[in-house]
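Peer 1: The following comprises the amino acid sequence and a computationally predicted model.
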Amino acid sequence: MNKKILLIGGGGHCKSVLDSLLDLNEYDDIGIIDSMGNIGSTVLGIPILGSDKDLPSLYKAGYRHGFVTVGSVGNPALRIKLFNTLCEMGFIIPNIVDASAKVSKHTQIGKGVFIGKQAIVNAGAVIGNGAIINSGAIIEHDCEIGEFVHIAPGTVLCGGVKVGKHSHIGSNAAVKQQVCIGSNCLIGMGSVVTKDIGDNITAYGNPCREVEKL
């Protein structure tokens with residue numbers, strides 16, 4: 001039986017995921033779900049087959065795997081909603097790991113996780129459902145990444161860092177070993193985080209400082 005997958009969301013993040021997926025060559029058939037106005041167009045040559053309302057019929061047609069390819073910066077609410085919809089409908093939600101990424105066998109990774117080009121995930125790391133570990137990010141040993149966290153390109157988390165659910169760590173940020181960042185946080189790009197950050201906080205700078213409560 002053909003192995004078929006639907007990508008939910010046809011924007012920029014979809015291109016990153018799709019590029020990795022095509023290189024992996026694990027699926028016989030790939031389709032994309034997006035807004036109704038985009039049905040019939042393509043992303044990297046892959047067709048947009050329908051919108052959210054077409055998920056039940058496509059599931060019956062044999063698309064049993066699904067993956068959320070909507071991106072997020074600081075607000076993963078739509079990603080979470082789509083992920084839960086796929087779960088409720090019975091879709092299998094895989095992880096997609098780019099062939100160039102280096103992921104230790106001694107990790108715990110949930111489902112619906114994307115690990116991009118040249119990313120590194122070291123031994124003892126734990127990554128929750130729906131997380132994005134983007135291009136060139138480094139997740140060092142024993143880090144704990146909560147569900148639906150987005151670690152943006154080039155970010156470095158040193159050993160034992162903890163990031164709470166739904167947080168976004170901006171591009172090229174660096175987080176000192178053993179530091180804890182709370183849930184629902186937004187850490188600005190290029191920040192150097194040397195101290196713990198509480199929940200629901202926007203913080204940025206070098207050194208990183210809490211700027212406002214979300």
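Peer 2: Here it is on my side, so go on.
Peer 1: going forward, measure contacts between C-alpha atoms and count neighbours the same way
Peer 2: OK.
Peer 1: Could you list everything the spatially most central residue of the chain pairs with in the sheet?
Peer 2: With distances taken as C-alpha atoms, centre = their mean, I132 lies nearest the centre of the chain, 2.1 Å away. Beta-bridge pairing of I132 under DSSP bridges involves F114, H150.
Peer 1: Report the secondary structure state of P56.
Peer 2: Three-state call for P56 (DSSP: H, G, I helix; E, B strand; the rest coil): helix.
Peer 1: ok, for it, nearest residue in space, not its chain neighbours?
Peer 2: By the measure of C-alpha to C-alpha, 6 or more residues apart in numbering, the closest residue to P56 outside its immediate chain neighbours is M89, 7.6 Å from it.
Peer 1: before we move on, the earlier item: so the residue nearest to the centre of the chain is in contact with V113, correct?
Peer 2: Yes. At 5.9 Å, I132 and V113 qualify as touching, with contact defined as C-alpha atoms under 8 Å.
Peer 1: Could you list which residues are in contact with C87?
Peer 2: Applying C-alpha atoms under 8 Å, 6 or more residues apart in numbering to C87 gives the contacts I93.
Peer 1: one step back: so what's the residue count around the residue nearest to P56?
Peer 2: 12 (other C-alpha atoms under 10 Å).
Peer 1: Give the buried residues for the least confident helix or strand in the chain by mean pLDDT.
Peer 2: For the chain, counting by mean pLDDT, DSSP states H and E, strand 209-213 ranks last in confidence among helices and strands (a mean of 93). Within strand 209-213, the residues that count as buried by 16 or more other C-alpha atoms under 10 Å are 209-210.
Peer 1: send the alpha carbons of it over as PDB?
Peer 2: The C-alpha coordinates for strand 209-213 follow below in PDB (Å, rounded to 0.1, in the frame of the first residue of the first chain):
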ATOM      1  CA  ARG A 209      16.600  41.200  29.900                       C
ATOM      2  CA  GLU A 210      12.900  40.700  30.600                       C
ATOM      3  CA  VAL A 211      11.100  43.500  28.700                       C
ATOM      4  CA  GLU A 212       7.400  42.800  29.200                       C
ATOM      5  CA  LYS A 213       4.900  40.300  30.600                       C
END
